[in-house]
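A.B. asks: sequence below, structure please.
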Amino acid sequence: MLQNKYTGLILYVFLTIIYIVWLRGIVDLGRNLEKVILDSVDDKIKSLVKFQPYYFTTWTFVLQIVFLITAILDESAKLLNFAIHIRKRLGRTRAFIFNALFFPCTLLEVTVFWGIWLIDRELIFPKVIDEVFPTWLNHAVHTFIVVPLIVDLLLPKRYSFVPFRNAAIVLTVYTAIYQGLLVLFQY
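C.D. replies: Presented below is the predicted three-dimensional model:
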């Protein structure tokens, strides 16, 4: 376990900076490559822009940013000795986001992406996409996302228990919204 009272805040600020840099890289990449992608003759490359909001990777990336911001607020509240009700609320919110959404969605994304990649790469990330989507970015959104999960598991927490029923309901609603959007707007 990591014990220093500043360790959690430092780690979460560092991870958030990395995510902001990635987000900036993704936005810049999107601006530069959207024209290349749309001018491309390959339908697999064109689908990158068309279906970007529907990729579970995008949803998990946004979820991770929300979690990291919540974790930074929680760690900052502890260090700055905010009122106890604020610290409790932030701690419980952080624990709920982690247990109900962050942990299962991150594990699902990493295991499904790399599992399918190992079986048949063309099913999940065709080689033709390598022309426009750099390898570092692929690993940033499909591999490195496990690091904040491991960091949060190692940090001591006061509010880590979330009733399974509540977490399952939130996760079910989250995935139902995701699936509903896929069905409604994909075709």
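
A.B. asks: quick one: low-confidence parts of the protein?
C.D. replies: 1-5, 22-23, 25-42, 44-46, 49, 158-160, 186-187 (pLDDT under 70).

A.B. asks: now do the helices in it.
C.D. replies: Assigned by DSSP state H, the chain shows helices spanning 7-39, 43-50, 56-79, 84-97, 103-119, 121-124, 135-142, 146-154, 164-185.

A.B. asks: what sits against the closest residue to residue 146 other than its chain neighbours?
C.D. replies: Nearest residue to residue 146, sequence neighbours excluded (CB to CB, 6 or more residues apart in numbering): residue 110, at 5.7 Å. To be clear about C-beta, it is placed using only N, CA and C from the backbone, and glycine gets the same treatment. Residue 110 makes contact with 142-143, 145-146 under the criterion CB atoms under 8 Å, 6 or more residues apart in numbering.

A.B. asks: returning to what we had before: ranking the helices of the chain by burial, who's on top?
C.D. replies: Ranked by mean neighbour count under mean count of other CB atoms under 10 Å, the helices of the chain are led by helix 56-79, which reaches a mean of 18.

A.B. asks: give me the angle between that helix and helix 84-97.
C.D. replies: Helix 56-79 runs at 160 degrees relative to helix 84-97, counting by axes from the mean of the first three to the mean of the last three CA atoms, to 10 degrees.

A.B. asks: quick one: contacts of stretch 94-101?
C.D. replies: For stretch 94-101, the external contacting residues (CB under 8 Å, 6+ apart) are 63, 66-67, 70-71, 74, 152, 157, 159-162, 166-168, 170-171, 174.

A.B. asks: let's see it at 10 Å
C.D. replies: 59-60, 63-64, 66-67, 69-75, 102-104, 106, 148-149, 152-153, 157-164, 166-175 (CB atoms under 10 Å, 6 or more residues apart in numbering).

A.B. asks: end to end, how far does stretch 124-141 reach?
C.D. replies: Using CA to CA, to the nearest Å, the end-to-end distance of stretch 124-141 comes out at 14 Å.
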